[in-house]
Structure formats: structure tokens, C-alpha cells
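**Student:** sequence isn't available, so here's the structure alone:
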């Protein structure tokens, strides 16, 4: 008799944002910029618990990826980073602008 089971594989979370036009100029003074956040799979259980305990009202039932995507869409990537810092989550951040500025913040 064969046994079948479901194994959940946790993958890293990646959030990407590309901003052009007036929103980019207002935000950073560039014509366009790209930013990206990577959260390792080992951080997901901690993030999920933090969202459940202290996350924003109305968003607590979302997956960690969905939770962060809503915050990013409604506000900005900096707000997502503030949320991750408050939760004590380690992540990597990449930023690149149309003027050639590039920044990488390793996980912390």
C-alpha cells in the first residue's frame, strides 16, 4: 500500500517594484528606479507568526508574500522594510536607479 502525503516546501519571498515617471521623481529624483527585497525561507515561520500576532488589521489572514505585497502596493517599499525591521526579519535589499546608482544591502 502506497502512502501519499503533502509536503509544503517553503520558498523565499521576493518583492519587486519598478517605479517610473512622477512617482519616481517625487520619491528619489530619478526618472525611474527598481527595488527588490529577498527574504530567505528560514525567516517565513517567524514572519508568519509576527503577522498573526502583530500584523496590520485586515491583512493578518494573508500569506507573508501577500501581506507584504499589499503593503508595498498601498504605500512603498520603504514601508515594507520598516515592517520587516519591526518584525526582526533578516532580508536583502537591492536598489538601482536610472542615473546608474546601485545599492545592495546584505541580509541583516
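**Tutor:** That came through, no problem. Not measured: the values here are computed from a predicted model. Numbers count the residues shown, from 1 in each chain.
**Student:** per-residue pLDDT, residue 28?
**Tutor:** Looking at residue 28, its pLDDT reads 65.
**Student:** lowest confidence element among the helices and strands of this protein?
**Tutor:** Taking mean pLDDT, DSSP states H and E as the measure, the chain has helix 22-28 as its least confident helix or strand, at a mean of 70.
**Student:** just checking, what packs against that one?
**Tutor:** Secondary-structure packing of helix 22-28 (3 or more CB pairs under 8 Å, 6 or more residues apart in numbering; DSSP states H and E): strand 32-39. C-beta here means a position set from N, CA and C on the backbone, and glycine is covered the same way.
**Student:** average model confidence for the strand it packs on?
**Tutor:** Averaged across strand 32-39, the pLDDT comes to 91.
**Student:** now stretch 69-78
**Tutor:** In this model, stretch 69-78 carries a mean pLDDT of 92.
**Student:** ok, now how distant is the nearest residue to residue 103 once chain neighbours are set aside from residue 18?
**Tutor:** Leaving aside its sequence neighbours, residue 103 sits nearest to residue 95 (CB to CB, 6 or more residues apart in numbering; 4.5 Å). Distance, residue 95 to residue 18, using CB to CB, to the nearest Å: 12 Å.
**Student:** more neighbours, the two?
**Tutor:** Using other CB atoms under 10 Å as the criterion, residue 95 and residue 18 rank with residue 95 on top: 17 against 11.
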